[in-house]
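Engineer: what's the 3D shape of this:
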Amino acid sequence: MGAVSSEPNSEATEGSEEPMPPQQPNPPAAPGEGTSKKRKKAGNDIYRLRIVPQWVTDLVAAEGGTDIHFIAEKTIEKSDLVRQQNRIYLPRDFVRANLDPMLSELERESANLVGDGRKRSRMTERAEADKRKTKVSGREHGGLPVVVFTKCRFRCYLKLTRWDGSAGTVIKGDELKYFALWSFLKEGDEIEMWAFRREGDLCFAIGKPTASSSSCASRHAERLPCAFPFRFL
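Structural biologist: Numbering: from 1, shown residues only. Next up is the predicted model:
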């Protein structure tokens with residue numbers, strides 16, 4: 001189709017134009033409703049062909065890992081950096097398309113990823129809550145153990161789970177605050193999430209897609225106390 005010209009009609013005579021009716025404002029979007037362009041872009045990004053970054057390849061090789069999978073990309077939100085919460089959300093569509101297929105049935109059960117979390121009824125949740133007499137055994141305190149690596153090759157031990165209330169999939173744990181610190185994450189940063197297997201266990205490599213990681217630890221080590229409980233390679 002040709003482009004639509006925005007120039008006025010040269011054949012129109014002066015005085016023949018009729019006044020244009022006032023434009024009506026667009027109706028407000030429904031709460032939680034995104035634009036079609038954003039939804040289309042998100043759908044395209046999920047299935048876009050990815051090239052494994054060199055830092056991920058090197059990290060997995062150093063760990064003796066295999067089976068690298070792209071999981072998700074996301075923009076860091078303010079809530080991802082709240083230390084009291086110690087969790088980072090994984091985009092739901094990416095989880096369904098990329099993470100679920102690489103998990104075993106047992107792993108999905110451990111991470112509470114069996115079935116559609118949004119369809120869990122309140123009665124079902126209440127019945128399960130009645131069976132949980134101690135906090136340590138509750139669903140909200142469980143999850144699938146995972147190891148998460150930064151681009152600097154620091155590692156922390158966290159849990160992958162889906163929350164019953166919001167049906168959001170998260171990586172959570174006390175050490176997440178250290179991960180965010182050593183990754184130098186701030187609100188608005190773009191990150192990529194990759195997964196791989198190390199001796200059968202699920203691991204994640206998470207970092208910014210463009211920032212250099214060659215000397216990130218040495219350049220910033222003086223800013224951080226050496227007592228942080230990080231595991232080094």
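
Engineer: contacts and neighbour counts: CA atoms only from here.
Structural biologist: Fine.

Engineer: where in this structure is pLDDT low?
Structural biologist: Counting by pLDDT under 70, the low-confidence segments of the chain come to 1-45, 47, 116-141, 210-233.

Engineer: the strands in it, which residues?
Structural biologist: In the chain, the strands defined using DSSP state E lie at 66-75, 87-90, 144-149, 155-162, 169-172, 190-198, 201-207.

Engineer: how about TSV for these, with distance to Glu107 added?
Structural biologist: Converted to TSV, the strands of the chain look like this (distance: least, CA to CA, whole Å):
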stretch	distance to Glu107
strand 66-75	16
strand 87-90	17
strand 144-149	6
strand 155-162	10
strand 169-172	14
strand 190-198	13
strand 201-207	9
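
Engineer: Tabulate these (CSV), appending mean neighbour count.
Structural biologist: Below are the strands of the chain laid out as CSV (neighbours: other CA atoms under 10 Å):
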stretch, mean neighbour count
strand 66-75, 18
strand 87-90, 20
strand 144-149, 20
strand 155-162, 23
strand 169-172, 22
strand 190-198, 19
strand 201-207, 21
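
Engineer: Would you map the helices across this structure?
Structural biologist: Assigned by DSSP state H, the helices in the chain fall at 36-46, 54-62, 92-94, 105-110, 122-131, 176-182, 216-220.

Engineer: distance between the ends of stretch 72-89?
Structural biologist: End-to-end span of stretch 72-89 (CA to CA, to the nearest Å): 11 Å.

Engineer: give the contact list for the residue nearest to Ser183 when sequence neighbours are not counted.
Structural biologist: Among residues not flanking Ser183 along the chain, Thr150 sits closest, at 6.2 Å (CA to CA, 6 or more residues apart in numbering). Contact partners of Thr150, counting by CA atoms under 8 Å, 6 or more residues apart in numbering, are Phe179, Trp182, Ser183, Ala205, Ile206, Gly207.

Engineer: pretty sure the fourth one contacts Ala195?
Structural biologist: Read it as Ala205. Yes: at 6.1 Å, Ala205 and Ala195 qualify as touching, with contact defined as CA atoms under 8 Å.

Engineer: circling back to that earlier point, tell me the one among the contacts of Thr150 nearest to Ile46.
Structural biologist: Nearest to Ile46 among the contacts of Thr150, counting by CA to CA, is Ile206 at 16.6 Å.

Engineer: residues contacting the closest one?
Structural biologist: By CA under 8 Å, 6+ apart, Ile206 lies in contact with Val148, Phe149, Thr150, Lys151, Ile191, Glu192, Met193, Trp194.

Engineer: got a list of what the second one touches?
Structural biologist: With contacts defined as CA under 8 Å, 6+ apart, Phe149 is in contact with Arg155, Cys156, Cys203, Phe204, Ala205, Ile206.

Engineer: Next one: the nearest residue in space to Ile191 that is not next to it in sequence from Ser110, what distance?
Structural biologist: Computed as CA to CA, 6+ apart, the closest residue to Ile191 that is not its neighbour in sequence is Lys208, at 4.3 Å. Per CA to CA, Lys208 is found 28 Å from Ser110.

Engineer: what's the answer for Asp201, then?
Structural biologist: 13 Å.

Engineer: Then Leu202?
Structural biologist: Leu202 is 12 Å from Ser110, by CA to CA.

Engineer: Understood, closing this out.
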